[in-house]
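Enquirer: What follows is a protein structure lacking sequence information:
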């Protein structure tokens, strides 16, 4: 599913315009990014999962220089996983 398809389906299901659905999706994304940037977890409830900020350490092979990079881990909830596998 593409972003455009998601916006269209969201608008249809909620009875709102696609512009409003896009604004909603952008707002949710910006909230999640702000919280992860601040080093906080974003828990979307037991019916979806948790976004967790993580720091990964890498090594540049030619110089053996270590560096840290930020990343995000998404842990799917057990009920959501069960619904996908049924």
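Expert: It's in. Just so it is clear, the model here is predicted, and its values are computed rather than measured. Numbers count the residues shown, from 1 in each chain.

Enquirer: Look at residue 7 and say how many residues are nearby.
Expert: Neighbouring residues of residue 7 were enumerated by other Cβ atoms under 10 Å; the total is 20. Backbone N, C-alpha and C define where each C-beta goes, glycine included.

Enquirer: Unless I misread the structure, it falls within a strand.
Expert: No. Assignment of residue 7 by DSSP: H, G, I helix; E, B strand; the rest coil gives helix, placing it outside any strand.

Enquirer: the helices in this protein, which residues?
Expert: 3-14, 18-37, 78-84 (DSSP state H).

Enquirer: how many neighbours does residue 78 have?
Expert: Quick note: residue 78 (other Cβ under 10 Å) scores 10 neighbours.

Enquirer: brain fart, residue 22
Expert: When counting by other Cβ under 10 Å, one arrives at 17 neighbours for residue 22.

Enquirer: excluding its backbone neighbours, what's nearest it?
Expert: With Cβ to Cβ, 6 or more residues apart in numbering as the measure, residue 7 is the residue that lies nearest to residue 22, at 5.0 Å, once sequence neighbours are left out.

Enquirer: ok, that neighbour to residue 86 distance?
Expert: If you measure residue 7 against residue 86 using Cβ to Cβ, to the nearest Å, the figure is 27 Å.

Enquirer: what sits up against the lowest-mean-pLDDT helix or strand in the chain?
Expert: Of all helical and strand segments in the chain, the minimum by mean pLDDT, DSSP states H and E falls on helix 78-84, at a mean of 90. Counting contacts by Cβ atoms under 8 Å, 6 or more residues apart in numbering, the residues outside helix 78-84 that touch it are 46, 47, 48, 49.
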